[in-house]
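Q: structural data only, the sequence is not supplied:
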């Protein structure tokens, strides 16, 4: 599969995750979000950027439980809970936020 | 796994038996797939609220060495992922002293905090486990 961003074709796997992490850009993120029916607000970007930082540091996409806890630590308890994250990403922070962040599917997310 | 499935697991987990799992790592990190696959299994099992520990013996101690650089052999350097274990509440990492000494590695050269134990202590730890998975 592939998505088109600004006339450039970007390869994804059959579930829509980027094949090459290096292909990611904010435009690519917006394009994936559009296909997921997610309207990117500042709160969405906060989570997406957090995920990218986490991946940079640890080389994995975190499990939902770990993400929720880590977000709570960094951004406060009103954001570090599943209700908040699911409001932003109805199909799951792992499934949708990681996809938009250009990361692979989280390990343990079978 | 979906969040719903994970929540169900967790609720069931309140009554389920927590077993002691030990994952034993004996191979150097990048020549084979064992270390990476083993680590992934650890991360997955950590989501099921089990009592998880890791043991590093023989060439497995090389998995924890700081400053790994894999670009030249064209594989992913997953060594930073060991530092994520704490966030997964996996905090029991045991390293066999004899294996470190035989390879001239000191505890300061390791990228995470570990407990260095003797071969005898390691055997005792293994004895306490319900499940041992070796890779």
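A: Yep, it's here. Bear in mind that the values here come from a model prediction, so they are computed numbers and not experimental data. Numbers count the residues shown, from 1 in each chain, chains lettered A, B, ... in the order given.

Q: now name the helix or strand holding the residue nearest in space to the middle of chain B.
A: With distances taken as CA atoms, centre = their mean, residue B:54 lies nearest the centre of chain B, 3.7 Å away. Mapping residue B:54 onto the secondary structure by DSSP states H and E places it in strand B:51-56.

Q: quick check: next helix or strand after that strand?
A: By DSSP H and E, the next helix or strand past strand B:51-56 is strand B:92-96.

Q: same question for whichever helix or strand comes after that next one, mean pLDDT?
A: Sequence-wise, the next helix or strand downstream of strand B:92-96 (DSSP H and E) is helix B:97-102. Averaging pLDDT along helix B:97-102 yields 98.

Q: just the pLDDT at the closest residue in space to residue B:22 that isn't next to it in sequence, thanks.
A: Closest residue in space to residue B:22, ignoring its immediate chain neighbours: residue B:129 at 4.4 Å, by CB to CB, 6 or more residues apart in numbering or on different chains. Where you see a C-beta, it was placed from the backbone N, CA and C, and this is true even at glycine. What the model reports as pLDDT for residue B:129 is 97.

Q: ok, now how distant is residue B:129 from chain A?
A: Separation of residue B:129 from chain A (CB to the nearest CB, to the nearest Å): 21 Å.

Q: is that residue in a helix, a strand, or coil?
A: coil (DSSP: H, G, I helix; E, B strand; the rest coil).

Q: if we can go back for a sec, partners of the strand holding residue B:54, with directions?
A: When pairing is defined by DSSP bridges, strand B:51-56 lines up against strand B:20-25 (parallel), strand B:92-96 (parallel).

Q: for it, what is the distance to the chain centroid?
A: 5 Å (CA atoms, centre = their mean, to the nearest Å).

Q: and it, what's buried?
A: Buried residues in strand B:51-56, counted by 16 or more other CB atoms under 10 Å in any protein chain shown: B:51, B:52, B:53, B:54, B:55, B:56.

Q: longest single helix anywhere in chain A?
A: Secondary structure assigned by DSSP state H gives helix A:42-58 as the longest helix of chain A.

Q: residues making contact with it?
A: Contacting residues not belonging to helix A:42-58 are listed as A:21, A:24, A:29, A:33, A:38, A:40, A:61-62, A:67, A:70-71, A:74-75, A:79, A:85, A:88-89, A:93, A:97-98, A:100-103, B:80-81, B:83-84 [CB atoms under 8 Å, 6 or more residues apart in numbering or on different chains].

Q: pull out the buried members of the residues you listed.
A: A:24, A:29, A:33, A:38, A:40, A:61-62, A:67, A:70-71, A:79, A:85, A:88-89, A:93, A:97-98, A:100-103, B:81, B:84.

Q: among those residues, which are in helices?
A: Among the buried ones among the contacts of helix A:42-58, the members that lie in helices (by DSSP H) are A:29, A:33, A:67, A:70, A:71, A:85, A:88, A:98, A:100.

Q: still on that earlier bit, mind putting the strands paired with strand B:51-56 into a markdown table with distance to residue B:70 and mean neighbour count?
A: Shown next, in a markdown table, are the strands paired with strand B:51-56 (distance: least, CB to CB, whole Å; neighbours: other CB atoms under 10 Å in any protein chain shown):
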| stretch | distance to residue B:70 | mean neighbour count |
| --- | --- | --- |
| strand B:20-25 | 17 | 21 |
| strand B:92-96 | 21 | 21 |
